[in-house]
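Chemist: Give the three-dimensional model of this entry:
(chains A and B)
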Amino acid sequence: DTAVSQTPKYLVTQMGNDKSIKCEQNLGHDTMYWYKQDSKKFLKIMFSYNNKELIINETVPNRFSPKSPDKAHLNLHINSLELGDSAVYFCASSQGWDTIYFGEGSWLTVV
Amino acid sequence: DQQVKQNSPSLSVQEGRISILNCDYTNSMFDYFLWYKKYPAEGPTFLISISSIKDKNEDGRFTVFLNKSAKHLSLHIVPSQPGDSAVYFCAARPGNTPLVFGKGTRLSVIA
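Modeler: Next up is the predicted model:
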């Protein structure tokens, strides 16, 4: 019973395609996040939602669009994929600003 | 602008000895600090935390020390075990805001 689960785990796709990564948490948390770990290994926040409302939107291209249908789900849709989008994307959740719990990551490779 | 710095990308330690992972930060407003552990192909998992009102927090083999005047945080693991081999991320936040992560230090515990 995974607490934060995201799919797919691995994704290889061509430049220009549109793809989505789904995330679900069963911890009852009210806050969900998307983090990106790029080739330099930094874990950087992209978005944060609290009770389905966007509260943080870091400097991310508008090709990236998060969607939260309910507070247990936060999906990430990426349009017109570019080579530089290749990274590991981690979904995470927390109760308020407490300890963050991460999913296993989605390895995106754009070719 | 790296607010959280882990200057050692890797560390090797003999099994049974002490592992010391270091972290420096620049933002004096940080008031909550965490360590996460990450195995390959998995998401980071929470390990231990400390608030700025304390200078030490211990949990089993893991102890985190905070030196606010030096803006320095360290994680001690004793005794180190092969299963501790992972990447360790230092993270911090100022008040109710998202965590800022360091680049991580890869610990290898040699049997």
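Chemist: In this structure residue B:24 contacts residue B:7, no?
Modeler: Yes. Counting by C-beta atoms under 8 Å, residue B:24 does reach residue B:7; the two are 7.0 Å apart. In this view, the C-beta of every residue, glycine as well, is placed from N, C-alpha and C.
Chemist: the more surrounded of the two?
Modeler: Neighbour comparison, residue B:24 and residue B:7: the larger count goes to residue B:24, with 18 against 11 (by other C-beta atoms under 10 Å in any protein chain shown).
Chemist: Kindly give the local confidence score, pLDDT, for the more buried one.
Modeler: At residue B:24, the pLDDT value in this model is 97.
Chemist: One more: residue B:12?
Modeler: So, for residue B:12, pLDDT stands at 97.
Chemist: which parts of chain B sit against chain A?
Modeler: Contact residues, chain B versus chain A (C-beta under 8 Å from any C-beta of the partner chain): B:34, B:36, B:41-46, B:49, B:89, B:93, B:96-99, B:101, B:103-104.
Chemist: Apply 7 Å and report the result again.
Modeler: Contacts of chain B with chain A, taken as C-beta under 7 Å from any C-beta of the partner chain, map to B:34, B:42-44, B:46, B:49, B:89, B:93, B:96-99, B:101, B:103-104.
Chemist: Out of those residues, list just those in strands.
Modeler: The strands, defined by DSSP state E, take in B:34, B:46, B:49, B:89, B:93, B:101 from those.
Chemist: Specify the beta-bridge partners of the fourth one.
Modeler: If I follow you right, that is residue B:89. Beta bridges link residue B:89 to residue B:36 when assigned by DSSP bridges.
Chemist: Quickly list what residue 65 is bridged to.
Modeler: Since no chain was named, I'll use chain A. Note on residue A:65: beta-bridge partners by DSSP bridges are residue A:77.
Chemist: you looked at the wrong chain, it should be chain B
Modeler: residue B:56, residue B:74.
Chemist: Neighbours of it, how many?
Modeler: With other C-beta under 10 Å as criterion, residue B:65 counts 17.
Chemist: That one contacts residue B:72, correct?
Modeler: No. Shown here, residue B:65 and residue B:72 do not form a contact pair, counting by C-beta atoms under 7 Å, at 8.3 Å.
Chemist: Now for the chain, the helix or strand with the poorest mean pLDDT.
Modeler: Picking chain A for this. The helix or strand of chain A with the poorest confidence is strand A:53-57; it has a mean of 82 (mean pLDDT, DSSP states H and E).
Chemist: hm, I was asking about chain B
Modeler: Within chain B, judged by mean pLDDT, DSSP H and E, the helix or strand with the poorest mean is strand B:100-101; its value is a mean of 91.
Chemist: low-confidence ranges in chain B?
Modeler: Within chain B, the ranges that satisfy pLDDT under 70 run B:1.
Chemist: ok and the residue in chain B nearest chain A?
Modeler: Going by C-beta to the nearest C-beta, chain A is nearest to residue B:43 of chain B, at 3.4 Å.
Chemist: Verify the stated contact: that residue with residue A:100.
Modeler: No. Residue B:43 is beyond contact range of residue A:100, at 10.0 Å (criterion: C-beta under 7 Å).
Chemist: OK, contacts around residue A:15?
Modeler: The neighbourhood of residue A:15, defined by C-beta atoms under 7 Å, 6 or more residues apart in numbering or on different chains, consists of A:81-83, A:110.
Chemist: which one of these has the most neighbours?
Modeler: residue A:81 (21 neighbours).
Chemist: Model confidence for it, exactly?
Modeler: On the pLDDT scale, residue A:81 gets 96.
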